[in-house]
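**Q** Curious how this folds, go ahead:
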Amino acid sequence: MGAKCSQLRRKTRRKATCQASINANSCGLVTQTGQQVPLKSVEVEVQVKGHVATVTSTLQYVNEEELPVEALFVFPLPAEAAVCHFSAKIADQEVEAEVQEKQKARDEYDDAISSGQQAFLLEESDASPDIFRLAVGNLPPKESAAVTLIYVIELAMQADDGLRFCLPAVLNPRYAPSNIDPNSVPKVKSVPASMVPYTLSLSVHIISPIPISRVESSCSLEHLTYLNTAHTQAKVSLSPGHKFDRDVEMLLYYQDAHQPTAIVEAGLPNSKPGSLMGDSVVMLSLYPEFPPEVAYTFGNRGEFIFLMDQSGSMGGSSISSARETLLLLLKSLPLGCYFNIYGFGSDFKYFFYKSVEYTQKTMEEAMKKVEAMQADMGGTEILKPLQHIYRQSNLPDHPKQVFVFTDGEVFNTKEILDLVRSHSRSHRCFTFGIGQGASTALITGMAKEGRGFAQFITSNDRLQLKVMQSLSLALQPAIVDISVKWTLPEGVSVTTLSPPLNVILQGQRALLYAQLTGESFEDSEGSVTVHYGAAEQPMTSQLSFCLKPSGDTGLGIHRLAARSLIQYLEMEQREKKDESLREKVVELSVQAGVSSSFTAFLVVHKGSGQPVKGPMVRRTMPVAQACGGEFEMPIRMGSSPESWCDDALPSYEWASLAGREYKNGLGKSLPEDEYLDYEGCISKYSPGGEYQNVLWESLPEDEYLDYEGCISEYSPGDEYQALARARQDRDQSGSAARAPPSQKDPYLELVSYQKAAGFWELETRLLDLLGKAEKNLDKQMPAQVDSAVWATVLALIWLHGFRADKSEEWKFIAMKATSWIRSQKVENLSECLKAGSALLGCQVKEENLGL
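**A** Numbering: from 1, shown residues only. Sure, this is the predicted structure:
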């Protein structure tokens with residue numbers, strides 16, 4: 001009888017809150033209608049110890065309304081984060097959450113809210129591990145509540161040896177194919193970044209065993225303050241008044257980032273010996289180094305496939321930068337390799353039916369198609385092109401390397417990761433997250449499962465630089481036969497908690513977690529040895545460590561190890577459909593107190609024991625959408641909120657806004673196959689997927705989305721001439737009018753003239769770019785020097801003399817050029833270099849050119 005009553009209360013609450021939900025969501029954006037936002041501020045404290053960060057976020061809620069509210073906040077977190085603490089402070093009483101099986105936690109939350117109690121529920125999205133939903137239920141009128149969540153995370157090492165910390169703030173519209181369960185798509189309200197109604201304060205305290213060199217950020221920072229003379233402790237904070245309107249990215253640089261480390265962390269004294277939380281756990285950071293003859297051997301083998309996002313959200317500078325990047329990649333590939341280029345959106349297309357050999361002819365054909373690429377392919381359906389790529393036969397002696405460029409706006413993340421993982425033995429996957437709000441779960445997950453490397457490009461980062469860094473890794477010989485051997489004292493055993501080590505890249509960190517069971521003396525030592533092979537050479541990396549636990553580490557290492565194991569088991573469970581693996585994940589999550597896709601954090605605050613009175617209204621907290629910055633995203637807009645009244649939809653389910661009509665700036669319904677692209681113009685949207693409106697609720701009739709994607713007031717008589725003209729232009733010409741192309745950078749022009757074999761021809765357009773008349777070149781060209789050699793020498797001198805700051809981008813282009821020059825066996829090369837340097841007015845030494 002009690003169970004039936006609980007079910008009835010939950011069902012009644014769903015019906016009762018349905019109309020409140022519709023009323024709350026259909027009246028427009030909070031800042032436009034004058035409604036008070038319960039979430040007032042976000043305070044973040046970060047403790048960095050070596051490569052591990054502990055992040056404490058406190059969200060301050062204030063209900064200034066006359067009725068109790070249920071505040072819903074869907075927000076991004078790093079996919080690798082191990083959420084390990086959740087608590088709520090109401091008045092002077094703080095209540096800490098417990099981890100429960102997700103369905104049980106949802107039921108108890110609904111029961112508490114239905115009976116008038118205050119409750120707090122934090123859960124990970126079923127669709128993507130980098131999205132969380134926080135529900136603050138029955139917050140009484142005029143009362144405040146502080147919600148605190150803590151997570152630990154490994155700081156990812158970048159190609160330039162910086163450690164990347166990112167506090168995500170932006171959650172962009174994400175594309176969900178038609179086969180995705182709409183109930184798993186989070187319901188999110190968003191405003192343009194400049195209108196986020198709550199503030200952020202952030203401070204970072206860094207402790208390191210080695211000196212801290214510097215801290216860089218895309219946001220304005222206070223000066224870095226060192227706390228000791230050894231520069232091993234420092235603190236830094238965001239400048240006052242920072243709005244939580246963009247991802248906060250920081251790069252930490254240590255003086256010797258490649259130093260192998262081992263941290264042994266003691267278990268909880270009162271936990272059962274032999275359990276994860278009762279035993280010690282070790283985290284090892286290894287930096288395998290290859291011999292020079294292996295590390296710098298770039299052969300002509302490989303199949304390179306470039307998968308480029310051409311969805312509407314890649315508009316503006318993103319697609320322009322992508323075209324420039326593909327130009328550099330095409331010029332950097334070695335002769336004899338194979339390649340292909342895919343573009344994807346709602347559908348996908350490829351340049352060649354199958355990968356072709358890299359020659360002058362195929363390179364020129366690809367370049368013409370690259371120049372025509374636009375962000376005009378609708379949604380972000382990345383699964384289908386990946387399936388097509390993996391169906392192609394592997395080429396003997398040409399390892400497959402897949403480069404994926406996307407802003408990461410998808411909701412079928414787990415399906416994509418499972419696909420990449422199932423083909424991990426046949427390829428390597430290098431990923432690039434472009435712009436604010438790119439999904440960490442997708443970008444880092446694909447690279448991890450595909451044995452590659454992930455890069456994020458935000459703010460003023462150059463995509464070209466980071467792509468060339470990854471190309472350097474891709475051109476390294478494939479590592480094979482990886483094995484790990486532990487050597488421990490008698491009586492101590494080891495249980496590996498990390499997934500099998502399947503990728504080793506030159507100079508990049510390899511992390512291992514392991515549980516140590518048994519007794520040992522304090523001065524006992526253990527060691528781990530990693531064996532692997534490359535270019536038919538066996539290699540090893542070894543690290544010895546003391547088994548005595550380090551002091552003052554808390555349980556961060558245990559929780560990171562648990563999170564690593566949980567994510568591995570979750571993927572195994574999806575692959576094998578094994579219910580026992582699900583139970584194991586729940587057990588491990590509850591034991592370690594960390595988040596998983598099968599569990600949730602629940603707090604029920606009974607307070608005085610008296611139920612909160614009055615009808616409860618729902619308020620959805622807005623998050624930032626990338627807007628008006630370097631990477632502009634499209635506006636995707638629904639006409640009416642999805643009903644939460646359906647009996648089949650529990651109140652805790654995240655409503656989908658799929659299948660709604662999209663509205664143009666005039667408030668008129670568009671056909672289902674059209675949407676507003678980033679320029680405010682109408683673009684065609686191909687069937688095969690649905691946009692999930694995870695950002696925008698319907699607006700009042702007196703508001704519209706202006707050219708920049710921000711909210712503007714509608715003044716009577718305004719006919720929105722810009723939108724009308726854009727649509728008229730499209731109707732007349734077949735596509736939206738585009739701005740005239742900007743003039744190319746001379747550097748990129750020079751690169752575009754290079755031939756596939758690596759040389760330049762002495763032609764008029766090259767002379768014009770160098771600013772030299774042909775007759776002057778004839779006079780200064782050394783005798784008996786081929787014109788192509790002369791042109792190639794001049795191009796190399798120009799790159800070294802005038803674009804040395806971009807040397808990481810053109811290094812493979814220069815390597816091809818110098819290799820070609822050597823093959824010509826030029827006798828008077830030194831004379832040629834001197835003449836070229838004098839002609840171009842810069843002094844470049846022969847050894848600097850690699851000749």
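
**Q** could you say which helix or strand contains the residue of the chain positioned farthest from its centre?
**A** In terms of distance from the mean C-alpha position of the chain, residue 783 ranks first, at 54.4 Å (Cα atoms, centre = their mean). Remark: residue 783 resides in no helix or strand, with elements defined by DSSP states H and E.

**Q** how much space is there between it and residue 278?
**A** Taking Cβ to Cβ, to the nearest Å as the measure, residue 783 and residue 278 are separated by 82 Å. C-beta coordinates here come from the backbone N, C-alpha and C atoms, glycine included.

**Q** do the same with residue 392
**A** Counting by Cβ to Cβ, the gap from residue 392 to residue 278 is 49 Å.

**Q** got it, and residue 292?
**A** Relative to residue 278, residue 292 is positioned 46 Å away (Cβ to Cβ).

**Q** So these two - more neighbours on which side?
**A** Legend: neighbour count by other Cβ atoms under 10 Å for residue 292 and residue 278, higher for residue 278 (18 against 8).

**Q** and the closest residue in space to that one that isn't next to it in sequence, what element?
**A** Sequence neighbours aside, residue 271 is the residue nearest to residue 278 in space, at 3.5 Å (criterion: Cβ to Cβ, 6 or more residues apart in numbering). Using DSSP H and E, residue 271 maps to neither a helix nor a strand.

**Q** number of nearby residues for residue 271?
**A** 14.

**Q** you'd agree it is up against residue 555?
**A** No - with contacts counted by Cβ atoms under 8 Å, residue 271 stays clear of residue 555, the gap being 10.2 Å.

**Q** where do the contact lists of the two overlap?
**A** Common contact partners of residue 271 and residue 555 (Cβ atoms under 8 Å, 6 or more residues apart in numbering): residue 277.

**Q** For stretch 214-225, what is the distance to the chain centroid?
**A** 21 Å (Cα atoms, centre = their mean, to the nearest Å).

**Q** how about that stretch: buried residues?
**A** Within stretch 214-225, the residues that count as buried by 16 or more other Cβ atoms under 10 Å are 215, 217-219, 221, 224.

**Q** same thing with stretch 450-469?
**A** Buried residues in stretch 450-469 (16+ other Cβ under 10 Å): 450-458, 461, 463-469.

**Q** what does stretch 487-494 give?
**A** Buried residues in stretch 487-494, counted by 16+ other Cβ under 10 Å: 488, 492, 494.

**Q** and which of the residues you listed is nearest to residue 110?
**A** Nearest to residue 110 out of the buried residues of stretch 487-494 is residue 494 (Cβ to Cβ; 43.6 Å).

**Q** Quick check: the gap between the closest one and residue 528.
**A** Distance of residue 494 to residue 528, computed by Cβ to Cβ: 9 Å.

**Q** and if you look at residue 309?
**A** Distance of residue 309 to residue 528, computed by Cβ to Cβ: 39 Å.

**Q** neighbour-wise, which of these two wins?
**A** When residue 309 is set against residue 528 and neighbours are counted by other Cβ under 10 Å, the residue ahead is residue 309, at 27 against 22.

**Q** Which neighbours do residue 494 and residue 528 have in common?
**A** Shared contacts of residue 494 and residue 528 (Cβ under 8 Å, 6+ apart): residue 486.

**Q** Can you report how many residues lie near residue 114?
**A** Other residues near residue 114 come to 25 when the count uses other Cβ under 10 Å.

**Q** Dihedrals phi and psi, it?
**A** In terms of degrees, to the nearest 10, the main-chain angles of residue 114 are phi -60, psi -30.

**Q** Spit out the contact partners of the closest residue to residue 216 other than its chain neighbours.
**A** Counting by Cβ to Cβ, 6+ apart, residue 216 lies nearest to residue 251, which is 4.5 Å off, once chain neighbours are set aside. Applying Cβ under 8 Å, 6+ apart to residue 251 gives the contacts 158, 162-165, 215-217.

**Q** Could you export the residues you listed as TSV, including distance to residue 417, pLDDT and secondary structure?
**A** As requested, the contacts of residue 251 are arranged in TSV below (distance: Cβ to Cβ, whole Å; pLDDT from 0 to 100; DSSP: H, G, I helix; E, B strand; the rest coil):
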residue	distance to residue 417	pLDDT	secondary structure
158	22	84	coil
162	25	89	coil
163	24	91	strand
164	20	90	strand
165	23	92	strand
215	31	94	strand
216	30	91	strand
217	29	88	strand
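
**Q** still on that earlier bit, against residue 592, how distant is the residue nearest to residue 278?
**A** Residue 271 sits at a distance of 10 Å from residue 592 (criterion: Cβ to Cβ).

**Q** between these two, what contacts are shared?
**A** Going by Cβ under 8 Å, 6+ apart, residues that sit against residue 271 and also against residue 592 are residue 277.

**Q** Following the chain onward from the strand or helix carrying residue 570, which element is next?
**A** In the assignment (DSSP H and E), residue 570 maps to helix 556-576. Sequence-wise, the next helix or strand downstream of helix 556-576 (DSSP H and E) is helix 579-592.

**Q** Would you mark the buried spots in that following helix?
**A** 581-582, 584-586, 588-589, 591-592.

**Q** For that helix, what is the distance to the chain centroid?
**A** 27 Å.

**Q** Can you spell out which helices and strands pack onto that helix?
**A** Applying 3 or more Cβ pairs under 8 Å, 6 or more residues apart in numbering; DSSP states H and E, we find helix 579-592 packed against strand 98-101, helix 556-576, strand 599-605.

**Q** and the first one, what does it pack onto?
**A** If contacts are counted by 3+ Cβ pairs under 8 Å, 6+ apart, strand 98-101 sits against helix 579-592, strand 599-605.

**Q** Contacts only, for the residue nearest to residue 492 when sequence neighbours are not counted.
**A** Distance criterion Cβ to Cβ, 6+ apart; nearest residue to residue 492, sequence neighbours excluded, is residue 518 at 4.1 Å. Listed by Cβ under 8 Å, 6+ apart, the contact set of residue 518 reads 491-493.

**Q** same deal with residue 397?
**A** Applying Cβ under 8 Å, 6+ apart, the residues near residue 397 are residue 301.

**Q** now do residue 43
**A** Residue 43 makes contact with 57-58, 60, 200-202 under the criterion Cβ under 8 Å, 6+ apart.
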